[in-house]
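K.L.:
model this:
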Amino acid sequence: MDIRHVIFDIDGTLWDAAQQVTEAWNLVLERYEETKGIRLTVSDMYRFMGHPMKTIAEMMMPGLPDAKQDEIMNVCMAEENDYLETHSGTFYPGVEKTFLQLKQEGYRLYIVSNCQDGYIQVMMKNGGLEKDITDFESNGRTGKFKADNICLVLERNGIPKEAAVYVGDTPMDEIATREAGLRFIHAAYGYGKAEAPDAVIGSIKELPEALREMKEGGKF
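P.N.:
Residues are numbered from 1 along each chain as shown. Alright, predicted model coming up:
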C-alpha cells in the first residue's frame, strides 16, 4: 500500500525549544519553596525531552510527593505554553517548505507528541503550520502514551497502518512507532539515536526524497 500519511514528533524533529522551555520552567521552580534549589539547564531539558510529563516530574523533582509534583508540573506546562507565545522555539531549516512540498506531492501531515495540551497548538501557530496539519494528538490531551496516540490518530482518520510513517528523533519515538505498527524514519539531526530505522534523514529537507527511496526500494 502506498504511503500517504506522515506523522511527526515535535522536539528534535520540527523545532528545538529546549532553551525557551528551560527558561519558563526555572521561573516556576523559583516560586516554590520545595524547588528553589533546582536550577535546570538546557542539557537537563534535552534529557527530559520525549518522556511523558509524569516521568519528567519524577526525574526533575525526586522525593517530592506525587501531588506536589503534579501541581508544579501543571504550572510549568501552563507557563511554558504562555512563554512560547512570545519566545518561539527555533524551527529546523526547511520545515515550512518541506511541509508545502509534501502536501503538493499528496501527503497528509499529522503530529503526535508526549507534550502537554496546548504545546502543539502554539508550535503550529508560531510556524504558521496550522493549515498544513490534518490532525494532532498529545499525552497531555488524552493521558495516553505515544503509541496509543498514534493509533488514535490513525483510527479517527481511517488510515491503514501500512499507509503511514512516523518521523522522530529518539529511541522512545522508534519504540512507540514499532508498538503502533508503523515504519520509522529517524531524524538524525535531533536529540537521539535509533536502533533500526527504515530510513534516516540528516535534515527535514531530505524527507521527500527519503520517502521516494523507501517506495522505490520496496519498503512500502
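K.L.:
Count the neighbours of the nearest residue to residue 169 once chain neighbours are set aside for me.
P.N.:
Of all residues not flanking residue 169 in the chain, residue 190 sits nearest, at 2.6 Å (CB to CB, 6 or more residues apart in numbering). (Each C-beta comes from the backbone N, C-alpha and C, glycine too.) The number of residues packed near residue 190 is 25, by other CB atoms under 10 Å.
K.L.:
Phi, psi for residue 190 please.
P.N.:
Note on residue 190: its backbone torsions stand at phi -90, psi -140 [degrees, to the nearest 10].
K.L.:
Check what pLDDT it gets.
P.N.:
According to the prediction, residue 190 has pLDDT 95.
K.L.:
and it, how far is that from residue 201?
P.N.:
According to CB to CB, to the nearest Å, residue 190 and residue 201 sit 10 Å apart.
K.L.:
Please apply the same query to residue 182.
P.N.:
On the measure of CB to CB, residue 182 and residue 201 end up 16 Å apart.
K.L.:
Kindly report the same for residue 75.
P.N.:
36 Å.
K.L.:
what comes into contact with stretch 66-82?
P.N.:
The contact list for stretch 66-82 (CB atoms under 8 Å, 6 or more residues apart in numbering) reads 20-21, 24-25, 27-29, 31-32, 34-35, 53-54, 56-58, 61, 64, 116, 118-119, 122, 140.
K.L.:
swap the cut-off to 10 Å and go again
P.N.:
17, 20-29, 31-32, 34-35, 38, 40, 53-54, 56-58, 60-65, 87, 115-119, 121-123, 140 (CB atoms under 10 Å, 6 or more residues apart in numbering).
K.L.:
Tell me which entries of those residues lie within helices.
P.N.:
Those of the contacts of stretch 66-82 mapping onto helices are 20-29, 53-54, 56-58, 60, 119, 121-123, 140, per DSSP state H.
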